[in-house]
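Enquirer: everything below, folded, please.
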Amino acid sequence: MTAPAPDLGSIDGVVREMYETISGPAGERDWDRERRLFVPGARLVPGRTIPELAGGERVLDVEGYIASRAPYFASHDLWEVELARDVFEFGHYAAVLSSYEARAAPDGPPTFRGLNSLQLTHDGRRWWIVSLVWDNERPGLALPERLARPLA
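Expert: Residues are numbered from 1 along each chain as shown. As a prediction, the model looks like this:
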């Protein structure tokens, strides 16, 4: 089944699509859907090294991200749900902080929380993700209070 056409003309639509593309039961993700979110040359940067990657790369292109995460998604259920968001727009640029919690089932209890930092550009027709940096909470690193609250 093909996903509905995303609303990439709005920041809300891009952020929603970003969470939807990685969320789901264990199995293959729609990687073409994921690729459509990112401008060519986009960078994805996990807050910590990804142990599965040779050399512990810290800056990935979209294909590197897919290669690093596909094995995990193949065997793990994961749903990420946005909690809160801060947006700053200036001209054709937007900076977005989006906190999330991850679950093993759509309505299950949270298993971890984290924060995405997205930089987007608008080409006159739609928004594109230029870069995505993320990290998860852990001892000594908690979400900022303003981003820990659920969306209204």
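
Enquirer: got any ranges where this protein has weak pLDDT?
Expert: Applying pLDDT under 70 to the chain flags residues 1-5, 49-57, 150-152.

Enquirer: longest helix of it?
Expert: Criterion DSSP state H: the longest helix present in the chain is helix 62-75.

Enquirer: what pairs with the helix or strand that comes right after that one, parallel or antiparallel?
Expert: Following helix 62-75 in sequence order, the next helix or strand is strand 79-90 (DSSP states H and E). Its sheet considered, strand 79-90 pairs with strand 93-103 (antiparallel) by DSSP bridges.

Enquirer: can you list the buried residues in the strand it pairs with?
Expert: Residues of strand 93-103 classed as buried by neighbour count (16 or more other Cβ atoms under 10 Å): 94, 96-103. (Glycine included, C-beta is placed from N, CA and C.)

Enquirer: contacts for it, please.
Expert: Strand 93-103 is contacted by residues 11, 15, 19, 78-88, 109-122, 127, 143, 147-148 when judged by Cβ atoms under 8 Å, 6 or more residues apart in numbering.

Enquirer: what about the closest residue in space to residue 110 that isn't next to it in sequence, distance to residue 13?
Expert: In this structure, residue 110 finds its nearest non-sequential neighbour in residue 101, 3.9 Å apart by Cβ to Cβ, 6 or more residues apart in numbering. According to Cβ to Cβ, to the nearest Å, residue 101 stands 21 Å off from residue 13.
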